[in-house]
Every structure is written in C-alpha cells, then in structure tokens.
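*Asks:* let me see the structure of the following:
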Amino acid sequence: MARRFSPADPGAIPVICISPDALEQALEALPAAQAAWARATGFAAGLGETCLLPGAVGDIAQVLIGRGTAVARARKRFAIGAALAGLPEATYGIANGLPDAEREETALGWLLAGYRFGRYKDAPVPKARLVAPEGLDAAALENIAAGEALTRDLINTPASDMGPDQLEAAVRGLADGFGAKVSVTKGDDLLTANFPMIHAVGRAAAQAPRLIEMTWGSTGPQVTLVGKGVCFDTGGLNLKPGASMGLMKKDMGGSATVLGLARMIMGAGMALRLRVLIPAVENAVAGNAFRPGDILTARNGLTVEINNTDAEGRLVLADALALASETPPDLLICMATLTGAARVAVGPDIAPFYTDDQDFAGALSAAAARVADPLWRMPLHAPYEAMIEPGIADLDNAPKGGFAGSITAALFLRRFAKDAPRFAHFDIYGWQPADAPARPKGGVGQAARAILAALPEVLNND
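*Replies:* Sure thing, here's the model as predicted:
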C-alpha cells in the first residue's frame, strides 16, 4: 500500500531544514534553551542528521534536519525525506523554504520511505506523518509513489507466487482500477497468432507462456510500453549456476516497471493512448525446452540462432516489439532486466538507455536530473551490428566474445522496432542491493519517474 500525505494540520510540528553554512544563524533565531540543546547534542546539519528540540512541557517543539552540503546531497538521494520518515510518531510540516526541486525530492522521499514489503512477514512502517509542503502537487507525488510501490511489490514477490498466471492477474487488477482493457494470447495460441519466440522460450514451464496486452485511453498520442516478463530465469538448458540464479525472481522487473509507469500515467489522467505489452514466461528446463543451436523465426520473419538459452529476454521482447511496430506508435519504450553487461558498465543505481532520437534523449536526461531518477545514454554503435549477425541466421541471440553485451542486446532489439518513429530501450537492474534512503533492499523501479516527467515535452513536440 502506497503512503499518503497527512491533511493540513495547524498543530503539525515544524521541521527546519538547515545547511551547515547557515547553522549558526538558524540557531541564533531559536529560543535560547533550544539553541543550547542543539549545540549540546552536537547537531552539525549533516545530511539527514536530526535534532528534536524540546518544548516547555517535554514535548517536541520543533525538529532540525540537516541539509548537508551540495556535494553530500548529490551523493545521496532522498536523505532528508528518509530522515523525516524516521521521526517519532506525530504530524510534521516543513517550516522553512527548501528550493523547489529539493522540496519535491524530500516529499517524494518521505512517501517512498514508507514502503514495506509485508506479504510474508510483518513489516512495521514508519509512523511519522507529513503534511505536503506548500506549492507541491501532493496528489501527483502520491500517484508516483503508488506506481513505484506496485513495481516494488511485483519484483519482490517470489516466482512461486508471481508466475505468468499471477503476472496476468496483476495486469488485470491494475486495468480494473482504471477502466483499461486486457487481452491475452496464451499457450499454443501463441503459435497460431505468430508469436513463435515467446512460445519457444516459455513452453517448457509449468505455467503457459503468454502475451499480455493492456490498452487505455482513446485520444492523444500513442505510447506503447513493452516490458520483459520473465518470471523466473533458470537460464534454460544453458543453466545458470546457483549464485546467478538466486535473484532471478526479479527478471520480470521490466514488466513490473512498465506496469508501475502505466499506473502513474493512468493515475495522472494523461492525454494519450497507452498500450502495454508484456511477454510473460518462465525460462525453465524440460524435455521440450528450446536448445542451443536452434534457429527460431521471429514474428517479423527474422531468423535467430540460439547460442545461449540464457539470453532469452531479447527473444520474447522481439516478438512483442514486432507487434508494436506493426501499428507504429508515436513513442515505443522497451524496459528489461536484460544484461549483466549493463551492471558492469554503470552499476546497479543507474539505468542505461538507448535511442536514436536526440530530442527524446535530451528530454529524458534533463528529466532524470530533475526528478532524481538517474539515467545514462549509451550508444547504438552501428559497427557492432556485425557482432549480432552469425551467418547461419539473420541474428545471433548471444554474440561470443563478451564485449559490449548491453549494446549488442539493444541493437538486436532495434531490429524489431525499426518501424517505430521514436524508440528507446532501457536496460534496468530493478534491484536495490543494499538499504538506501527511501529504497530498502529489494525490488525498485528505475527510469519510470524520468520517463513520466519527460512525456509531456516529448509528445507535445510531435
């Protein structure tokens, strides 16, 4: 359940956010006893540092929270919001004027810091309540937090409870809440409907593979979101070692993220036509599993040599992207937990993206900085096209050599989105490896907030 702001409350405890260079001036403005208390506790206004100032009857009169230096804020997102969330149970209001971007990040950080995944054990949530800072669109921030909570819940749920059946149910539940429509092509019907690679990857699993489609909106530009829905990835016959398989419940992080983004878009009532395509499979091992050396024919007729069954995500995405390109949208976005190479390149905190569209890339990069959702543009380097052309087939799903793995995967996907006038692929991680402010260890959304913020500019320029 996503967190919400507290209603306006004249009795809310004021919170004063102070940078180190303004500390002495702020302390001099306090009652003498409170200033003495702050000095006695050693409060230095470090980033996220808190000091509860006592009132006359032993209550909390107000709270000081450190803003830290600009360098510290650049190194740690959402620290002030997380500090607010950690205060004792009461209602609080930010009293002094933080810069606009910092107020928004702080308020969103407080919302996100309230997330807990409590499906399998009690997970107490922070009890501090916050009145939305003045001048912010509280409903918009709550909508974003609800989309992020959906993404986290889906990724955090293990494959025993989040197979293709349950992922489909999650899509239907989301659609019901916003009046969207859902259609599903499942099992052997995938062959009849010409989704051969989705079928090949998922046919060995206990739950049938499927393509899930959700549509919403009747006017405005067409935006199509394609999300990788590999609910668990054993690696197939090229079986992963145990250490690499442990986190593979998150291999549907692309689908979880596009669903979180779809929830944000629908919740905001954006004037666009939304289409979400999720190829939902489990990459399993059985007698009918697809094999290394097989050659598959994709929906658009391209042949693909299988050199590693553990490079299955690009296969299921290819059929979905080919479908999306048959009626080219104004904007086509693909999101997937696709390659380990992306993590080596930029680590777990940054989502690399690929696009040929300079305006879209610029809008995304600017939005990412504005909403503290870090992205980095990577090159669709044309000379590497030869690396995905094996000779025996049109394409190779796992080029040998180990170089530029994220780039070659993006180039592979672009072959199936060539008719879309504007295409971007995001190679996300979808996992927070250690607790951080407003981001507990576990599933996490990446790039959705940046995309949401960039959409109005991108679509209005068409």
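
*Asks:* what are the structural domain limits within the protein?
*Replies:* Following automatic domain parsing, one finds the domains of the chain at 13-130, 142-460.

*Asks:* so how far does the shortest one reach from one end to the other?
*Replies:* Looking back up the chat, that one is domain 13-130. Start and end residues of domain 13-130 are separated by 9 Å (CA to CA, to the nearest Å).

*Asks:* same deal with the last one?
*Replies:* Domain 142-460 has its terminal residues 24 Å apart, counting by CA to CA.

*Asks:* what's the distance between it and the middle of its chain?
*Replies:* Centroid separation for domain 142-460 versus its chain: 11 Å, with CA atoms, centre = their mean, to the nearest Å.

*Asks:* helices or strands up against the longest helix anywhere in the chain?
*Replies:* Scanning the chain for the helix with the most residues, using DSSP state H, yields helix 138-156. Helix 138-156 is packed against helix 100-113, helix 164-178, helix 253-268, strand 442-443, helix 448-460, with contacts defined by 3 or more CB pairs under 8 Å, 6 or more residues apart in numbering; DSSP states H and E. All C-beta atoms are positioned from the backbone trio N, CA, C, and that covers glycine.

*Asks:* could you dump those into JSON lines with distance to residue 275 added?
*Replies:* As requested, those are exported to JSON lines (distance: least, CB to CB, whole Å):
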{"stretch": "helix 100-113", "distance to residue 275": "27"}
{"stretch": "helix 164-178", "distance to residue 275": "12"}
{"stretch": "helix 253-268", "distance to residue 275": "9"}
{"stretch": "strand 442-443", "distance to residue 275": "24"}
{"stretch": "helix 448-460", "distance to residue 275": "14"}
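
*Asks:* ranking those by burial, who's on top?
*Replies:* Most buried of the helices and strands packed on helix 138-156, by mean neighbour count (mean count of other CB atoms under 10 Å): helix 253-268, with a mean of 27.

*Asks:* by contact count, what packs against that one?
*Replies:* For helix 253-268, the elements it packs on are helix 138-156, helix 164-178, strand 210-216, strand 222-227, strand 273-283, strand 331-336, helix 448-460, judged by 3+ CB pairs under 8 Å, 6+ apart.

*Asks:* just to revisit the earlier point, could the helices and strands packed on helix 138-156 go into a markdown table alongside mean pLDDT and distance to residue 295?
*Replies:* A markdown table is the format used below for the helices and strands packed on helix 138-156 (pLDDT from 0 to 100; distance: least, CB to CB, whole Å):
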| stretch | mean pLDDT | distance to residue 295 |
| --- | --- | --- |
| helix 100-113 | 94 | 45 |
| helix 164-178 | 98 | 25 |
| helix 253-268 | 98 | 25 |
| strand 442-443 | 98 | 35 |
| helix 448-460 | 96 | 35 |
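
*Asks:* closest to residue 90 out of the ones you listed?
*Replies:* With CB to CB as the criterion, residue 90 lies closest to helix 100-113 of these, at 13.5 Å.

*Asks:* can you list the helices and strands packed on helix 253-268 in TSV and add distance to residue 436?
*Replies:* TSV is the format used below for those (distance: least, CB to CB, whole Å):
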stretch	distance to residue 436
helix 138-156	13
helix 164-178	26
strand 210-216	31
strand 222-227	24
strand 273-283	28
strand 331-336	21
helix 448-460	16
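
*Asks:* out of these, which gets nearest to residue 49?
*Replies:* That would be helix 138-156 among the helices and strands packed on helix 253-268, by CB to CB, at 24.2 Å.

*Asks:* got the angle for the closest one vs helix 253-268?
*Replies:* Helix 138-156 runs at 160 degrees relative to helix 253-268, counting by axes from the mean of the first three to the mean of the last three CA atoms, to 10 degrees.

*Asks:* what mean pLDDT does helix 138-156 have?
*Replies:* Mean pLDDT, taken over the full extent of helix 138-156, equals 98.

*Asks:* where does the protein have low pLDDT?
*Replies:* Along the chain, the parts satisfying pLDDT under 70 run over 1, 97, 462.

*Asks:* contacting residues around the helix or strand containing residue 198?
*Replies:* Take DSSP states H and E as the rule and residue 198 turns out to sit in helix 196-202. For helix 196-202, contacts defined as CB atoms under 8 Å, 6 or more residues apart in numbering pick out 164, 187-188, 190-191, 208-211, 230, 236, 279-284, 290, 294, 296-299, 304, 312, 315-316, 318-320.

*Asks:* same check, this time on stretch 293-305
*Replies:* 194-197, 200, 290, 306-307, 315, 318-319, 322-323, 325, 390, 392-397, 415-416.

*Asks:* ok, and for it, which residues are buried?
*Replies:* Buried residues in stretch 293-305, counted by 16 or more other CB atoms under 10 Å: 294, 296, 298, 299, 300, 302, 304, 305.

*Asks:* what's the distance between the first one and residue 373?
*Replies:* Counting by CB to CB, to the nearest Å, the separation of residue 294 from residue 373 is 39 Å.

*Asks:* hmm, residue 314 and residue 409 touching each other?
*Replies:* Yes. If you go by CB atoms under 8 Å, residue 409 and residue 314 touch, sitting 5.5 Å apart.

*Asks:* anything in contact with each of these two?
*Replies:* When CB under 8 Å, 6+ apart defines a contact, the residues bordering residue 409 and residue 314 alike are residue 338.
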